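Asker: Model the following, please.
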Amino acid sequence: MKVAVELGSTATGDPAEMDLEELLSTRLLVQGNSGSGKSHLFRRILEQSAEVVQQAIIDPEGDFVSFSERFGHIVVDANRTPSELARIANRIRQHRASVVLNLEGLDAEVQMSCAAAFLNGLFDADRHHWFPMLIAVDEAQIFAPAVAGEVGDDARRISLGAMTNLMCRGRKRGLAGMIATQRLAKLAKNVAAEASNFLMGRTFLDIDMARAADLLGMDRRQAERFRDLEPGQFVALGPALSRRPIPVRIGPVETAGRSGRPVLMALPETPREAMQDLIFTPGADEPAALPEPTMREPQLATRELLERVSAARPAISTPLPVEEEPSPEELADRAEALDAIFAALLDDPDAAFRPAAVLYQDFTMHCRLKRISGAETDMSSFRRRLALARAGINEDTEDEEWRQVIARSEQLPEDMQGVYMMLARAARQAEPCPSDAALARAYGSHSPSRGRFLLTYMAERGFIACETDFRGQRVVTLAGSGWRTGAGEAKPRGGTLPPPRQRRA
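Answerer: Purely as a prediction, here's the structure:
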């Protein structure tokens, strides 16, 4: 099926059209300095073909998310793990959905890694899903740089490989690359050389004009015309455009990006004194000053507690009376006293590194002082409550999902349950994944490597799934619940998780 995309008009006023079917086989390169109208041209092509061919837009600035409302494109937030983006890309090809990969807010190295994972997912789709698809990459010099810059070598290598696959080998898989760049000199030559269609806009540097003239088959004297082009004017050449270079003025578009040409506007007429107040006075939505630290009540030393316990008490010469059932008020007072004892124990900075057995001795000592006994003070109940307290979880929660997670934690060794519950709390509240040091502290160790071992132990037994995002930060998902932590501190640079070791009984 032959479909003509109307770009605008030529210098003679005739319609300037592009053969979309030919474009899918021959690819497109757009070049122009900032403000020359590259994004406007991209928007025009994508709007004209949105209802005819599947599209994927690699959007580093978030300018094309408006396609979601007008044409039904799915916006894919790139702040995910590499495996997630690859799986999403595979499903996109399977269901033939048009999407916008939004890379806004990410630094250049992360943008390169995200785009590479996404493009590789599209490229590696099953042969049965090789439907025609137009891949538009704005600011292509970011993803296929000609020389190494400030980004890491690994990110550049992976991103350049994905872009090369798109432009060199994508045609057989139905992928048609459409790339735009500010400067041809910044774009890798093996990526630019695979395009057969060109739209060259305004440029001023001699090296860029020379490369543009070479691509269009023009001599150096004719290259000077690129300096005279107005915004929205391009010189077109290629089998999908024209057999000889022709000037084209791009037509209007239906959608608009969030960034556009700057427009002058009047400065505020606020007096200088009022402006000073606005600048130096915190606003209502800004965080208030830090509160003054509160002084904790001094805790009793262990020796003093021992002296109190060992103090002489009156001997009991008569049989003890039969204890009556405690009233609800007494039960509430007892629970409050136990909570206070636990809070005092955990408030000690060294409590996280003391064995549970030693903490239990202190706990029973405080219980004797408070004359508290019963099932709540035995060792198994204490271990369970200690694990929940270290994880910051209320034992009496009425949430059914929490109860299932707590029940699942009981399948782990007792000293690991607190670590698992800490991960569960962070995942439930979508907080950053606890650091290795925090996990080791919940386990009772000073060594961060112990925290990494605990993650490996639980992952190999199916309790969690541990992944690393493009920043090298860790994301943990709880099996059986779908709860997921935010990105947090991961393993050390260049390190690997140690192999699991058998724990001593």
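Asker: so what secondary structure elements neighbour the host helix or strand of C367?
Answerer: Per DSSP states H and E: C367 is located in helix 356-369. In terms of contacts (3 or more CB pairs under 8 Å, 6 or more residues apart in numbering; DSSP states H and E), helix 356-369 is packed against helix 302-310, helix 328-346, helix 379-390. Placement of C-beta: from N, CA and C, glycine included.
Asker: Name the single longest strand found in this structure.
Answerer: Longest strand of the chain, by residue count under DSSP state E: strand 242-250.
Asker: residues of that strand that come out buried?
Answerer: 242, 245-246, 248-250 (16 or more other CB atoms under 10 Å).
Asker: Can I get that strand in CSV? Just the C-alpha atoms.
Answerer: Output of strand 242-250 as CSV, limited to C-alpha atoms (Å, rounded to 0.1, in the frame of the first residue of the first chain):
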residue,chain,number,x,y,z
SER,A,242,13.1,13.4,-4.4
ARG,A,243,15.7,12.3,-6.9
ARG,A,244,17.4,15.7,-6.7
PRO,A,245,17.8,18.2,-3.9
ILE,A,246,14.8,20.4,-3.5
PRO,A,247,13.9,23.0,-0.8
VAL,A,248,10.9,22.2,1.3
ARG,A,249,9.0,24.3,3.8
ILE,A,250,7.4,22.2,6.5
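Asker: Give me the residues contacting that strand.
Answerer: Outside strand 242-250, the residues within contact range by CB atoms under 8 Å, 6 or more residues apart in numbering are 7-11, 16, 37, 40-41, 44, 199, 216-218, 229, 232-237.
Asker: Give me the phi and psi angles of M265.
Answerer: Here is the backbone geometry of M265 (degrees, to the nearest 10): phi -140, psi 160.
Asker: how close does it get to S34?
Answerer: Distance of M265 to S34, computed by CB to CB, to the nearest Å: 21 Å.
Asker: who's more crowded, these two?
Answerer: More crowded of M265 and S34, by other CB atoms under 10 Å: S34, with 9 against 6.
Asker: got the contact list for the residue nearest to the more buried one when sequence neighbours are not counted?
Answerer: Spatially, and ignoring its direct neighbours in sequence, S34 is nearest to Q182 (5.8 Å; CB to CB, 6 or more residues apart in numbering). Counting by CB under 8 Å, 6+ apart, Q182 touches 31-34, 38, 139, 141.
Asker: For the residue nearest the centre of the chain, give me its contacts.
Answerer: In the chain, the centroid-proximal residue (CA atoms, centre = their mean) is N79; its distance is 2.8 Å. Residues in contact with N79 (CB under 8 Å, 6+ apart) are 105-106, 114, 469.
Asker: Let's see the pLDDT reported for it.
Answerer: Listed pLDDT for N79 reads 83.
Asker: In a strand, it, correct?
Answerer: No. Per DSSP: H, G, I helix; E, B strand; the rest coil, N79 lies outside any strand segment and is coil.
Asker: can you give me the helices for the stretch 401-505 of the chain?
Answerer: Remark: helices assigned in the stretch 401-505 of the chain by DSSP state H, counting those that start in this stretch are 414-428, 436-443, 448-460.
Asker: Those into TSV, with extra columns for mean pLDDT?
Answerer: TSV is the format used below for the helices of the stretch 401-505 of the chain (pLDDT from 0 to 100):
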stretch	mean pLDDT
helix 414-428	83
helix 436-443	81
helix 448-460	86
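Asker: out of the ones you listed, nearest to K172?
Answerer: Closest approach to K172 among those (CB to CB): helix 448-460, 38.0 Å.
Asker: just checking, what packs against the closest one?
Answerer: Packing contacts for helix 448-460, counted by 3+ CB pairs under 8 Å, 6+ apart, involve helix 414-428, helix 436-443, strand 464-468.
Asker: Out of these, which is closest to R87?
Answerer: Using CB to CB, these put strand 464-468 closest to R87, at 11.6 Å.
Asker: What residues sit buried inside stretch 85-97?
Answerer: Neighbour counts over stretch 85-97 (16+ other CB under 10 Å) mark 85-86, 88-90, 92-93, 97 as buried.
Asker: before we move on, back to that, any chance of the helices of the stretch 401-505 of the chain in CSV with distance to W483 and mean neighbour count as columns?
Answerer: Formatted as CSV, the helices of the stretch 401-505 of the chain follow (distance: least, CB to CB, whole Å; neighbours: other CB atoms under 10 Å):
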stretch, distance to W483, mean neighbour count
helix 414-428, 4, 23
helix 436-443, 16, 21
helix 448-460, 14, 19
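Asker: sorry, back to before: in the contacts of N79, which residue is surrounded by the most others?
Answerer: C114 leads the contacts of N79 on contacts (other CB under 10 Å) with 29 neighbours.
Asker: Secondary structure element holding that one?
Answerer: Here C114 is assigned to helix 108-123, by DSSP H and E.
Asker: and that helix, average pLDDT?
Answerer: Helix 108-123 comes out with an average pLDDT of 91.
Asker: Now do that helix: which elements does it pack against?
Answerer: strand 54-59, helix 82-95, strand 99-102, strand 133-137, helix 140-143, helix 153-164.
Asker: what comes into contact with the fourth one?
Answerer: Outside of strand 133-137, the residues within contact range by CB under 8 Å, 6+ apart are 23-24, 42, 45-46, 49, 53-58, 93, 115, 119, 122, 143, 163, 166, 170, 174-180.
Asker: Surely E21 touches K2?
Answerer: Yes. At 5.6 Å, E21 and K2 qualify as touching, with contact defined as CB atoms under 8 Å.
Asker: Which one of these two is surrounded by more residues?
Answerer: In terms of neighbours (other CB under 10 Å), E21 is the more surrounded of E21 and K2; the figures are 16 against 7.
Asker: before we move on, what SS does the more buried one have?
Answerer: Three-state assignment for E21 (three-state DSSP): helix.
Asker: Look up how far S449 lies from it.
Answerer: Separation of E21 from S449 (CB to CB): 58 Å.
Asker: what's the answer for E17, then?
Answerer: E17 is 64 Å from S449, by CB to CB.
Asker: Find the nearest non-adjacent residue to F382, please.
Answerer: The shortest distance from F382 to any non-neighbouring residue, by CB to CB, 6+ apart, is to Y360 (5.2 Å).
Asker: And for L454?
Answerer: Per CB to CB, 6+ apart, closest to L454 is V419, 5.2 Å.
Asker: repeat for S159
Answerer: For S159, the closest residue by CB to CB, 6+ apart turns out to be M112, at 3.7 Å.
Asker: Same question for G451.
Answerer: The shortest distance from G451 to any non-neighbouring residue, by CB to CB, 6+ apart, is to L439 (3.3 Å).
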